[in-house]
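A.B. asks: Okay, structure incoming, though there's no sequence with it:
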């Protein structure tokens, strides 16, 4: 039982609502476009290489994803890709930026149960406008005292956020689907974390088992389990 | 003399350092690319139309600018633009994301004079990573208690920021180059503003004279003048 928690923070994409499948579905359509130029095969590696190469300049999110898809298409087709196909890629990206928010089962119930007893916040990475727009479209905005959109979820980021609430790490709980971004950096600070694994995950968020098997955090199969670990609810 | 000010906020791009000329220079190179396909003329209107159309999805910043340039090129060349030219457009955008920070004369002197007597913050709009990266590259980050990267500089945004410092609007001073984003929404709240016009301005930031000629704010020709209007320095 976590009895000292004062601030409960939730990741957004793939913790509160479905996100990654929209990227994977765009990726599948993108690969179909490429198949008109190159023999069918898995282009994941080339796309991922461009995404990672561009992360430092573009950051996370759909706009950088679009630009990396375009660069990958240019490279793989040796610059012969048609203008119409470039436009299709941009349109796929725009669809991601406007995707319908499908809130996971139990999310609202948990937020409602916590709101009067904890300071509840959201910490998410990606494009500022896109992340704020998703929170707004979700209708969950009012449950959060603040929504922090950050560039990178590393220990420094969490340290800064925890300090801004004038609490100790032991009074902070993070709930999220990514071991790399939501769990390990939080645990490293001596704060608490509930991991709710997600079916579909971007390869960039995966971590090797030896990096987390000796770490202490709660593994859950549904967001509803968060309540069972908190004393005030 | 402004005697009640507690928080002094600075816009970043084109107030602390040169920004817009990098966009204008990319635009000129972009137009040159188009001239290989279409008779030379001013393509500003078509590009601007796409930028405005995409603002709601892309927000401000270089990534959206790149994507709008690509869409404009596709439309104007009837999708016949070559892959190599698309790559050139992306490269121009990447250059913007890494441009050298040329800090305006007097900026550091003013920040240094204010830091011990005021809470000094930065409020800027654009892509989160890009704006934070520019502050970091500028070396000015330590002068700011906080850097707020926002989607839109409207009265609601300023109201929220002013409230977060637990001050009255009359205790808030904003310094910036854009009447539309830095001055008018601030003045509307009863807060103070110093306008430092910039030589080069994006058409989106222009406002008609009748919208500001009856408003009360300070017009300055250099950031150094800010000090002359403050009592503690």
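C.D. replies: That came through fine. Keep in mind it's a predicted model, so treat the numbers as computed, not measured.
A.B. asks: need the residues of chain A near chain B, please.
C.D. replies: A:57-59, A:63-64, A:66-67, A:70-71, A:74, A:77-84, A:86-87, A:90, A:93-94, A:97-98, A:127-130, A:132, A:149-151 (C-beta under 8 Å from any C-beta of the partner chain). The C-beta positions use only the backbone N, C-alpha and C, and glycine is treated the same way.
A.B. asks: Now the buried members of those.
C.D. replies: A:57-59, A:63-64, A:66-67, A:70-71, A:74, A:77, A:81-83, A:86, A:90, A:93-94, A:97, A:127-130, A:132, A:149-151 (16 or more other C-beta atoms under 10 Å in any protein chain shown).
A.B. asks: sec struct for the most far-flung residue of chain A relative to its centre, please.
C.D. replies: Residue farthest from the centre of chain A, counting by C-alpha atoms, centre = their mean, is residue A:80 at 33.6 Å. Under the three-state scheme (DSSP: H, G, I helix; E, B strand; the rest coil), residue A:80 adopts coil.
A.B. asks: so after the host helix or strand of residue A:185, what's the next helix or strand?
C.D. replies: Taking DSSP states H and E as the definition, one finds residue A:185 inside helix A:184-188. Once the chain leaves helix A:184-188, the next helix or strand it forms, by DSSP H and E, is strand A:192-195.
A.B. asks: How about the contacts made by residue A:71?
C.D. replies: Counting by C-beta atoms under 8 Å, 6 or more residues apart in numbering or on different chains, residue A:71 makes contact with A:50, A:54, B:87, B:90.
A.B. asks: just checking, it is part of a helix?
C.D. replies: Yes - judged by three-state DSSP, residue A:71 forms part of a helix.
A.B. asks: okay, it: pLDDT?
C.D. replies: Model confidence at residue A:71, given as pLDDT, is 98.
A.B. asks: how about the helices of chain A, start to end?
C.D. replies: Shown for chain A, the helices assigned by DSSP state H span residues A:20-34, A:44-58, A:62-76, A:83-97, A:107-114, A:128-138, A:155-164, A:184-188, A:225-228.
A.B. asks: related to what we said a few turns ago, please convert the contacts of residue A:71 to JSON lines, extending it with pLDDT and distance to residue A:195.
C.D. replies: Conversion of those to JSON lines gives the following (pLDDT from 0 to 100; distance: C-beta to C-beta, whole Å):
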{"residue": "A:50", "pLDDT": "98", "distance to residue A:195": "29"}
{"residue": "A:54", "pLDDT": "98", "distance to residue A:195": "28"}
{"residue": "B:87", "pLDDT": "98", "distance to residue A:195": "40"}
{"residue": "B:90", "pLDDT": "98", "distance to residue A:195": "37"}
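A.B. asks: and the two most separated of those?
C.D. replies: Distance extremes for those: the farthest pair is A:54 and B:87 at 13.0 Å, using C-beta to C-beta.
A.B. asks: What are the structural domain limits within chain A?
C.D. replies: A:2-17+A:101-230, A:20-97 (automatic domain parsing).
A.B. asks: quick one: which of these is nearest residue B:24?
C.D. replies: Closest among the domains of chain A, using C-beta to C-beta: domain A:20-97, at 20.4 Å.
A.B. asks: Ends of that closest one, what's the gap?
C.D. replies: Taking C-alpha to C-alpha, to the nearest Å, domain A:20-97 runs 12 Å from one end to the other.
A.B. asks: now stretch A:206-213
C.D. replies: 13 Å.
A.B. asks: Which of the residues in the helix holding residue A:185 are classified as buried?
C.D. replies: By 16+ other C-beta under 10 Å, the buried positions in helix A:184-188 come out as A:184-187.
A.B. asks: Also stretch A:156-172?
C.D. replies: Neighbour counts over stretch A:156-172 (16+ other C-beta under 10 Å) mark A:157-159, A:161-162, A:165, A:167, A:169, A:171-172 as buried.
A.B. asks: Just give me the closest of those to chain B.
C.D. replies: For those, the closest approach to chain B (C-beta to the nearest C-beta) belongs to residue A:157, at 11.2 Å.
A.B. asks: number of nearby residues for the nearest residue to residue A:1 once chain neighbours are set aside?
C.D. replies: Nearest non-adjacent residue to residue A:1, counting by C-beta to C-beta, 6 or more residues apart in numbering or on different chains: residue A:231, 5.5 Å away. For residue A:231, the tally of surrounding residues (other C-beta atoms under 10 Å in any protein chain shown) stands at 10.
A.B. asks: so how far is residue A:61 from residue A:157?
C.D. replies: 16 Å (C-beta to C-beta, to the nearest Å).
A.B. asks: hang on, I meant residue A:12
C.D. replies: For residue A:12, the distance to residue A:61 equals 12 Å [C-beta to C-beta].
A.B. asks: ditto for residue A:204
C.D. replies: In terms of C-beta to C-beta, residue A:204 sits 12 Å off from residue A:61.
A.B. asks: residues in contact with the closest residue to residue A:77 other than its chain neighbours?
C.D. replies: Take residue A:77 and drop its neighbours on the chain: the residue closest to it by C-beta to C-beta, 6+ apart is residue A:37, 4.3 Å away. Counting by C-beta under 8 Å, 6+ apart, residue A:37 touches A:76-77, A:80-81.
A.B. asks: ends of stretch A:10-17, how far apart?
C.D. replies: End-to-end span of stretch A:10-17 (C-alpha to C-alpha): 11 Å.
A.B. asks: What score does the residue lying closest to residue A:170 once chain neighbours are set aside have for pLDDT?
C.D. replies: Using C-beta to C-beta, 6+ apart and skipping residues adjacent in sequence, the residue nearest residue A:170 is residue A:4, 5.6 Å away. We have a pLDDT of 94 for residue A:4.
A.B. asks: Noted, bye for now.
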